[in-house]
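*Asks:* Below is the sequence, then the predicted model.
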Amino acid sequence: MPHITSALVAERAPSLSRQELQHRLDTLARDHRVPGAQLVLDTGSRIVTLHTGVADAATGAPFTADTAVPLGSLTKPYTAALVMLLADDGDLDLDDSAADYLPELRGVPEVTIGQLLSHTGGLPTGPDSDTAARTTTAHYLTSTCTARDALFAPGSDFSYSNAGYVAAGRLVESVTGMAWHEAVSALLLEPLETVPAFLGFSAPAGRPVAAGHALNTATGQVRPVRQNLAPLEAPAGALLASATDLAALGSTLVGRTAAVPTAVAMEMRLPQPSAHPGALADGWGLGLALYREGEHLWCGHDGNAQGTSCHLRADPDSGVVVAFTGNAGAATAMWRDLADDLAATAGVRVPVGSASPSPRETVALPECVGTYANGRTEYRVALGPDGSPTLSVDGDLPLPLVCHPDLTCDLVDPATGLREPGGRFHRDAVTGAVDRVQISGRTARRTQLA
């Protein structure tokens, strides 16, 4: 695989070893078999921008500082910021029922606009992209956002929902009279000096675009993969951007630029009541994940498209912004290792998400055995032959599940035996029965006992 390395440092570089950071970026990309990656470290007065490798392993096109990468769910903070700008202009109120603007949500009239942005409306995740591609936005929303499929009372819990952001994008279109991609380009990307690029559209002339990659286990080689996002899902995942572009968003979220007014950025970063995202983050604001690192509460988001992994972190207290993109699924592990290197090399401790679980008491929790549903997605908790719990999603091979007396649980990688925070079960406050499970930030409602 061709390996091309280059770097750009702004005029005032931080007092750290740029060469060492570049070396670590190159090395980690090679070790994790990530064809290309970008890193931006912005301290407010000083910026280091690094990139490595190739944008497309099939063509050998170089990864540059300007290369746009499919962001996946990192599109959502842009959509949320757009809604917040409309609220700041008085075009809507975050406490308004979303159904007041979107008849498609009349089945869940209690869900507010703010709850769409904070994933606290109780809406299911939504169907997969192949299913979504075969329908209209109106039918998608009316069939997904129903009282029958509501996961919990609006404002009482958290469940990560693409459907909520499809609704938020439709709300933008209803209020502005523009298509979502036109509105986000004119009202947010242009002020951020970000050249717009979206899945489903040709990139602007001169803007390079990275392919996502997967590892071919038979040959040991990485290969480009096709992006798969339904057009109606654009507000939840269609944006392409570089790490430099992500850093520009981070900079405005910590109040250094006026693309998002300071008061609006502060409101976006405010932890929302009942927004407990479990393994995803330490809290959630209005469109932003919140990560605690010591005394600091960072904001940001993660995003994965097909074969890409992108991450943004911003610390409002220190003004530090860190942005990373990688064009392979393995770039998630690369990001975690890179965060460790930033702490050692640059003295910047970047929160990447939930840490590996500490050893503690485990229990079988037979009362949690049963079937749970999030829209069309089915979660099955069962006890194995040895009495230990397992989790299967939509009939996939069961994964070992480690449960604890406080109803939290960890997922176990059967290949390595390593544990990662999985989520938590929930007890009904009235009956005391286990009625929900949250796995990787997505809540499912119990439908059967066993």
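*Replies:* Structure received.
*Asks:* Please identify the helix or strand for residue 140.
*Replies:* Under the assignment given by DSSP states H and E, the secondary-structure element containing residue 140 is helix 137-144.
*Asks:* And the chain, what are its domain boundaries?
*Replies:* 1-355, 366-448 (automatic domain parsing).
*Asks:* How about residue 419: what's its closest non-neighbour residue?
*Replies:* What sits nearest to residue 419 in space, not counting adjacent residues and going by C-beta to C-beta, 6 or more residues apart in numbering, is residue 410, at 4.3 Å. Using the backbone N, CA and C atoms, a C-beta is placed for each residue, glycine as well.
*Asks:* Apart from its neighbours in sequence, what residue is nearest residue 312?
*Replies:* When the adjacent residues along the chain are set aside, residue 312 lies closest to residue 300, with 4.3 Å between them (C-beta to C-beta, 6+ apart).
*Asks:* Can you tell me the SS state at residue 85?
*Replies:* Reducing the assignment to helix, strand or coil with DSSP: H, G, I helix; E, B strand; the rest coil, the entry for residue 85 is helix.
*Asks:* Repeat that for residue 48.
*Replies:* strand.
*Asks:* What's the separation between the residue lying closest to it once chain neighbours are set aside and residue 319?
*Replies:* Closest residue in space to residue 48, ignoring its immediate chain neighbours: residue 41 at 4.7 Å, by C-beta to C-beta, 6+ apart. For residue 41, the distance to residue 319 equals 12 Å [C-beta to C-beta, to the nearest Å].
*Asks:* neighbour count winner among those two?
*Replies:* When residue 41 and residue 319 are compared on other C-beta atoms under 10 Å, the one with more neighbours turns out to be residue 41, at 26 against 16.
*Asks:* Could you list which residues are in contact with the more buried one?
*Replies:* Counting by C-beta atoms under 8 Å, 6 or more residues apart in numbering, residue 41 makes contact with 14, 21, 47-48, 320-322, 342, 346, 348.
*Asks:* Confirm that residue 205 sits in a helix.
*Replies:* No. Checked against three-state DSSP, residue 205 lies outside a helix; its state is coil.
*Asks:* residues near it, how many?
*Replies:* One way to gauge burial is a neighbour count; for residue 205, by other C-beta under 10 Å, it gives 5.
*Asks:* The residue lying closest to residue 293 once chain neighbours are set aside and residue 322: what is the separation?
*Replies:* Here the nearest residue to residue 293 in space, its sequence neighbours aside, is residue 351; by C-beta to C-beta, 6+ apart that works out to 4.2 Å. Residue 351 sits 10 Å away from residue 322, taking C-beta to C-beta as the criterion.
*Asks:* so what sits against both of the two?
*Replies:* Common contacts of residue 351 and residue 322, defined by C-beta under 8 Å, 6+ apart, comprise 313, 339.
*Asks:* Between these two, which is the more surrounded one?
*Replies:* Using other C-beta under 10 Å, the more surrounded residue of residue 351 and residue 322 is residue 322, with 29 against 22.
*Asks:* Which of the three states applies to that one?
*Replies:* Under the three-state scheme (three-state DSSP), residue 322 adopts strand.
*Asks:* who's it bridged to?
*Replies:* When bridges are assigned using DSSP bridges, the partners listed for residue 322 are residue 41, residue 313.
*Asks:* Looks like it contacts residue 350 (just checking).
*Replies:* Yes. Under the criterion of C-beta atoms under 8 Å, residue 322 lies in contact with residue 350, with a separation of 5.1 Å.
*Asks:* Now the common contact residues for the two.
*Replies:* Shared contacts of residue 322 and residue 350, defined by C-beta under 8 Å, 6+ apart, comprise 313, 339, 342.
*Asks:* one step back: among the domains of the chain, show me which one is buried the most.
*Replies:* Counting by mean count of other C-beta atoms under 10 Å, domain 1-355 has the highest mean neighbour count of the domains of the chain, with a mean of 20.
*Asks:* low-scoring stretches of the chain, by residue?
*Replies:* Low-confidence segments of the chain, defined by pLDDT under 70, are located at 1-16, 354-357, 450.
*Asks:* one more time with 80
*Replies:* By pLDDT under 80, the low-scoring segments of the chain are 1-17, 353-359, 448-450.
*Asks:* Quick one: the helices in it, in order.
*Replies:* The residue ranges that make up the helices of the chain, judged by DSSP state H, are 18-31, 76-88, 113-118, 129-132, 137-144, 162-176, 180-184, 234-237, 243-253, 262-269, 331-345.
*Asks:* Save the ones you listed as TSV, and put in distance to residue 359 too.
*Replies:* TSV is the format used below for the helices of the chain (distance: least, C-beta to C-beta, whole Å):
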stretch	distance to residue 359
helix 18-31	28
helix 76-88	34
helix 113-118	33
helix 129-132	39
helix 137-144	40
helix 162-176	35
helix 180-184	45
helix 234-237	37
helix 243-253	35
helix 262-269	33
helix 331-345	20
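*Asks:* Which among these is found nearest to residue 193?
*Replies:* Of all those, the one in closest proximity to residue 193, counting by C-beta to C-beta, is helix 243-253 (6.5 Å).
*Asks:* And the closest one, what does it pack against?
*Replies:* In terms of contacts (3 or more C-beta pairs under 8 Å, 6 or more residues apart in numbering; DSSP states H and E), helix 243-253 is packed against strand 36-42, strand 47-56, helix 76-88, helix 262-269, strand 309-314, strand 321-326.
*Asks:* any chance of those in TSV, with distance to residue 399 too?
*Replies:* What follows is the helices and strands packed on helix 243-253, written out as TSV (distance: least, C-beta to C-beta, whole Å):
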stretch	distance to residue 399
strand 36-42	29
strand 47-56	32
helix 76-88	26
helix 262-269	34
strand 309-314	21
strand 321-326	25
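*Asks:* Could you tell me how far residue 208 is located from residue 128?
*Replies:* Residue 208 sits at a distance of 29 Å from residue 128 (criterion: C-beta to C-beta).
*Asks:* Kindly report the same for residue 184.
*Replies:* In this structure, residue 184 and residue 128 are 24 Å apart, going by C-beta to C-beta.
*Asks:* now residue 305
*Replies:* The gap separating residue 305 from residue 128 is 14 Å, by C-beta to C-beta.
*Asks:* And for residue 269?
*Replies:* Using C-beta to C-beta, we find residue 269 at a distance of 31 Å from residue 128.
*Asks:* Likewise for residue 428?
*Replies:* To residue 128, residue 428 is 30 Å away according to C-beta to C-beta.
*Asks:* Could you do residue 22 as well?
*Replies:* With distances taken as C-beta to C-beta, residue 22 is found 39 Å from residue 128.
*Asks:* Also residue 189?
*Replies:* Residue 189 sits 28 Å away from residue 128, taking C-beta to C-beta as the criterion.
*Asks:* again, but for residue 71
*Replies:* 19 Å.
*Asks:* swap in residue 64?
*Replies:* 33 Å.
*Asks:* what do you get for residue 99?
*Replies:* Separation of residue 99 from residue 128 (C-beta to C-beta) stands at 25 Å.
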